[in-house]
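>>> build me a model from this:
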Amino acid sequence: MDKSVNIGDKFNRITITNIYMVRSNNGRNRTHIDGICDCGNIIKSRVFCDIKSGRSKSCGCLKCGRKNKFTLKDKFCIHCKEQFYRTIYRQGTIESSREFNERRFCGLNCCYIWTKGDKHHNYINGTRKRKDGYIRLSDDRYVHRVVMEEKIGRKLLSTEHVHHIDGNPSNNDINNLELMSNVDHSKLHYKLRKIGKDGRF
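You can find the predicted model right below:
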């Protein structure tokens, strides 16, 4: 047993509470310690030579909370105003400093409420525009389908599609829309596919 350590000694953030010997796989006896970290966490069966040399300075809180270019700050949810902390995932890993500093919400529920409706970044006068150009209303209905329903006086069936004649999904003028079945719509788009220089669609 290492005689240079006594119960109550402190190394970095660890205070020794127990000292004992453990036989390793190679048959050698090694000094192990139990202790308590300054953050309050209890440390069990830590190799003393790692603590003495400085390789092990805490229970792990020092590593998680170390200051670097991504300095940790007190974060508050912009929706519910409650303070939130770094997430510990199921596999035991902890949320990175970069992800924590970039996060604005305490959870997905607040994020959904905050970005719903007119607060969504793609919101345009009661509508949202997808990346591919299709426009949706605040109730998630597509504008081109709503326009066609108003023209024919009934709701569209799930097997009915509305085709944009000029190929622009943002142009929802009634003269640019054509009602057809799912099968006919698929056949039409198959014929309209462009062939690349390599001979592929």
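
>>> quick check: bridge partners of the closest residue to Arg130 other than its chain neighbours?
Once flanking residues are discounted, Arg130 sits nearest to Arg136: 7.0 Å by Cβ to Cβ, 6 or more residues apart in numbering. C-betas here are computed from N, CA, C, even on glycine. Assessed by DSSP bridges, Arg136 has beta-bridge partners Arg128, Tyr142.

>>> and the helix or strand that contains Leu179, average pLDDT?
Using DSSP states H and E, Leu179 falls within strand 177-181. The average pLDDT within strand 177-181 is 92.

>>> identify the residues contacting whichever helix or strand comes after it?
As assigned by DSSP H and E, the chain's next helix or strand after strand 177-181 is helix 182-191. Under the contact criterion Cβ atoms under 8 Å, 6 or more residues apart in numbering, helix 182-191 has outside partners Thr159, Glu160, His161, His163, Met180.

>>> helix, strand or coil for Gly133?
coil (DSSP: H, G, I helix; E, B strand; the rest coil).

>>> quick one, what contacts it?
Taking Cβ under 8 Å, 6+ apart as the test, what Gly133 contacts is Asn168, Pro169, Ser170.

>>> the same query, at a cut-off of 6 Å, please.
Applying Cβ atoms under 6 Å, 6 or more residues apart in numbering to Gly133 gives the contacts Pro169, Ser170.

>>> distance of the residue nearest to His79 when sequence neighbours are not counted from Arg103?
The shortest distance from His79 to any non-neighbouring residue, by Cβ to Cβ, 6+ apart, is to Cys110 (4.0 Å). Look at Cys110 and Arg103: by Cβ to Cβ, to the nearest Å, they are 11 Å apart.

>>> per-residue confidence, Lys187, what does it come out as?
So Lys187 comes in at 88 (pLDDT).

>>> and stretch 140-159, how far out from the chain's middle?
35 Å (Cα atoms, centre = their mean, to the nearest Å).

>>> and it, average pLDDT?
90.

>>> how long is it end to end?
For stretch 140-159, the separation between the terminal residues is 18 Å (Cα to Cα, to the nearest Å).

>>> give me the secondary structure label for Glu149.
Relying on three-state DSSP, one would call Glu149 helix.

>>> assumed Asn109 was part of a strand.
No. Read with three-state DSSP, Asn109 is helix and lies in no strand.

>>> neighbours around it, how many?
Counted with other Cβ atoms under 10 Å, residues neighbouring Asn109 total 11.
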